[in-house]
Structures are given as C-alpha cells and as structure tokens.
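Chemist: Build me a structure from this.
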Amino acid sequence: MAAAGEDLICQVQTLAQRAHELPPPGPCTQWHSAAVARVPDLAGQLVRAAVRADRQAGASWAQIGAGLGISAEAARSRFGRTRGSTAPVARSG
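Modeler: Numbering: from 1, shown residues only. As a prediction, this is how the structure comes out:
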C-alpha cells in the first residue's frame, strides 16, 4: 500500500515538473487540467484503501489518525464503518 502511495506522489511530482513540456491538447485528448483534476479523487481512494488495510492489520484509530495528522476521533469519524458495511457510518446530530 505504501508503494502505491509513493508511486502516486512520484507521478504527480513528475507531471508537475514537466507541465511546461506538455503539448497542447489535440482533438482526441482531454485538457490537461481535466486529467490533473482527478488526482484528489484518486488520492482519496488510496487513503481510504490504506485506512482499511491498516484497520485490518490491527492499527488503532489513534495510530491511523497520527499517520494522517488528525485525531483518533476525527479518523474514526471520517473513515469508521459499521461491521460488514462499505459505507461510512451515518452520524446524527
């Protein structure tokens, strides 16, 4: 999982460094900004997958929160799930 994150970072850094070298989009290509706009969503998917893997490996919410730079409660609130569910726990209030 860490390798996937490092690979994404390397790819984004490479694209950012070479942005001025990119040719203008042709009739069969998308605008560069449209492709780059997907990065936050892809990174979010990667974070969610990493959190699931960490929880399955036995990591506590405090450990996961520390890795994300947030509190244990914030990590649990954002990524916590009910047993057997694939959706975040809905919180009333």
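Chemist: and Arg48, how many neighbours does it have?
Modeler: Using other C-beta atoms under 10 Å, Arg48 is surrounded by 13 other residues. Where C-beta positions appear, they are placed from N, C-alpha and C, glycine not excepted.
Chemist: helix or strand for it, which one?
Modeler: helix 39-56 (DSSP states H and E).
Chemist: centre of the chain versus that helix, how much separation?
Modeler: Distance of helix 39-56 from its chain centroid, counting by C-alpha atoms, centre = their mean, to the nearest Å, is 5 Å.
Chemist: And stretch 69-86, by the same measure?
Modeler: Distance, stretch centre to chain centre, for stretch 69-86: 15 Å (C-alpha atoms, centre = their mean).
Chemist: Let me see the mean pLDDT of it.
Modeler: Mean pLDDT, stretch 69-86: 81.
Chemist: Extract the C-alpha set from that stretch and format it as PDB.
Modeler: Extracted in PDB, the C-alpha atoms of stretch 69-86 (Å, rounded to 0.1, in the frame of the first residue of the first chain):
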ATOM      1  CA  GLY A  69      -2.200  14.200  11.000                       C
ATOM      2  CA  ILE A  70      -5.600  14.200  12.600                       C
ATOM      3  CA  SER A  71      -7.000  13.000  15.900                       C
ATOM      4  CA  ALA A  72      -8.200   9.400  16.600                       C
ATOM      5  CA  GLU A  73     -11.800  10.600  16.800                       C
ATOM      6  CA  ALA A  74     -11.500  12.500  13.500                       C
ATOM      7  CA  ALA A  75     -10.100   9.400  11.800                       C
ATOM      8  CA  ARG A  76     -12.800   7.200  13.200                       C
ATOM      9  CA  SER A  77     -15.500   9.700  12.300                       C
ATOM     10  CA  ARG A  78     -14.200  10.100   8.800                       C
ATOM     11  CA  PHE A  79     -13.300   6.500   8.000                       C
ATOM     12  CA  GLY A  80     -15.100   4.400  10.500                       C
ATOM     13  CA  ARG A  81     -17.600   1.900   9.300                       C
ATOM     14  CA  THR A  82     -20.200  -0.400  10.800                       C
ATOM     15  CA  ARG A  83     -19.300  -4.100  10.800                       C
ATOM     16  CA  GLY A  84     -19.800  -5.500   7.300                       C
ATOM     17  CA  SER A  85     -20.700  -2.200   5.800                       C
ATOM     18  CA  THR A  86     -18.900  -0.500   2.900                       C
END
